[in-house]
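[1] Below are the sequence and a predicted model; questions follow.
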Amino acid sequence: MYKIMTPGPTQVPENVRMARSIACTNPDLDADFVEFYKETCELISSLLHTQNETLILGGEGILGLEAACASLTEAGDNVLVLDNGIYGKGFADFVRIYGGIPYIYSADYAHTLDVDALAGFLSKNHDFKYATVVHCDTPSGMLNDISRICPLLKQYGILTVVDSVSASFGEYVDVDAFQIDLLCGGSQKAVSAPPGLTFVVESGDAKAAMKNRRTPIASFYANLQAFEGYYEKKWFPYTMPISDIYGLRAAFDNIAADSHLYERHAAIGSATRDALQAAGLNLHLKSGFSNTVTVFDIPDGLTADQILNAMKEKHNIMLAGSFDALSGKVIRIGHMGANATLSNMTETLRALDDVLRTFHVPLNVRLDTYFLERFSA
């Protein structure tokens, strides 16, 4: 087995794996499981600083993103798609599938979204039912400031759909303070459970928009309204993946008990970026650095496969390349959730230092040594 230091899926703690092996009841019929599900959803909400309802859906993070769009979009709806990364523009596909009209607001892919420029645009263009924004664009490592973006959109009555799959619980999120209407997360990133679950946090405004639709939601599985009243009815719209949810609860119990969660992610993210730059490597971004993933340009004369294969073959560590416009151009190191420990990152950077030197890449400092110095500082 490789040590996976990818930006999701991440390493899974032993107690999460063991929780998934607990003997399971019939989730369709056992009222105790309904209580467990509701309590787990309430725990997620509390960790995101809101009393808004959270739903756990039986599907990978993409299901949450599609369900948010499916549940809000009606034919002819204008939807603002904020695009400064590969995942950002992808929302337009969901909007079109459900009959909406996406307006793609494209910005510099090397920089975090300029909120002042967006404000100028919105002052003249704000006829949108909702807007989509990616909190952390994993392919590039881009982090956008949802604490400013979402309140700005709400000033114009625009609902917000936030893809925080790769950021939540590695980057601080306050759903209420940030005025987020639908926040989508996933099990396999900073939460550090296996892939297979998504969670969506719904505001009252989002629920009202779904309830007051002119037409039915054009999906069953990607229909957030299908869960309406599940607790009172002690009934789910489909059989819940109970073992996955047992594991997810253990992962959120870990998060709740981690009093230094965000400080550790910030320290590791900063020290990793500092080490790569001090060594003479180029960070791919100019601003908007996420504390969950670091992305650097592949040194001249090398390919992504050379670096990735050597990391696996010599050191048993899995890093990631990227895709779409960044295919073959960058390497990504995931330091989120269970990956984000001092020992994991030191081992990873020591191995990366060895691999790059083996390929005769001139490095100004030892990556692991400089990382430790910066982390300790």
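    Yep, that arrived.

[2] Tell me how many other residues surround residue 119.
    Applying other CB atoms under 10 Å, we find 15 other residues in the vicinity of residue 119. Just so you know, the C-beta spots here come from the backbone N, C-alpha and C atoms, and that holds for glycine as well.

[3] Isn't it up against residue 152?
    Yes: using CB atoms under 8 Å, residue 119 is in contact with residue 152, at 5.8 Å.

[4] ranges for the strands of the stretch 251-377 of the chain?
    In the stretch 251-377 of the chain, the segments counted as strands under DSSP state E, counting those that start in this stretch are 293-297, 317-318, 330-334.

[5] Let me know the pLDDT of the nearest residue to residue 284 once chain neighbours are set aside.
    Counting by CB to CB, 6 or more residues apart in numbering, residue 284 lies nearest to residue 295, which is 4.4 Å off, once chain neighbours are set aside. According to the prediction, residue 295 has pLDDT 98.

[6] same check, this time on the one 5 residues further on
    Among the per-residue scores, residue 300 shows a pLDDT of 95.

[7] Please apply the same query to residue 376.
    For residue 376, the pLDDT comes out at 88.

[8] now swap in residue 68 and tell me
    As predicted, residue 68 sits at a pLDDT of 98.

[9] Can you classify it by secondary structure?
    Under DSSP: H, G, I helix; E, B strand; the rest coil, residue 68 falls in the helix class.

[10] That one contacts residue 185, doesn't it?
    No: Residue 68 is beyond contact range of residue 185, at 11.3 Å (criterion: CB under 8 Å).

[11] thinking again about what came up before, please convert the strands of the stretch 251-377 of the chain to a markdown table, extending it with distance to residue 73.
    As requested, these are arranged in a markdown table below (distance: least, CB to CB, whole Å):
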| stretch | distance to residue 73 |
| --- | --- |
| strand 293-297 | 29 |
| strand 317-318 | 37 |
| strand 330-334 | 31 |
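
[12] Any idea how many residues pack against the residue nearest to residue 284?
    Neighbours of residue 295 using other CB under 10 Å come to 26.

[13] ditto for residue 333
    Neighbours of residue 333 using other CB under 10 Å come to 23.

[14] Could you do the one 5 residues further on as well?
    Residues lying near residue 338 (other CB under 10 Å) number 19.

[15] Also residue 230?
    Residues within reach of residue 230, counting by other CB under 10 Å, total 16.

[16] In contact with it, which residues?
    34, 236, 237 (CB atoms under 8 Å, 6 or more residues apart in numbering).

[17] try it again with 6 Å
    residue 236 (CB atoms under 6 Å, 6 or more residues apart in numbering).
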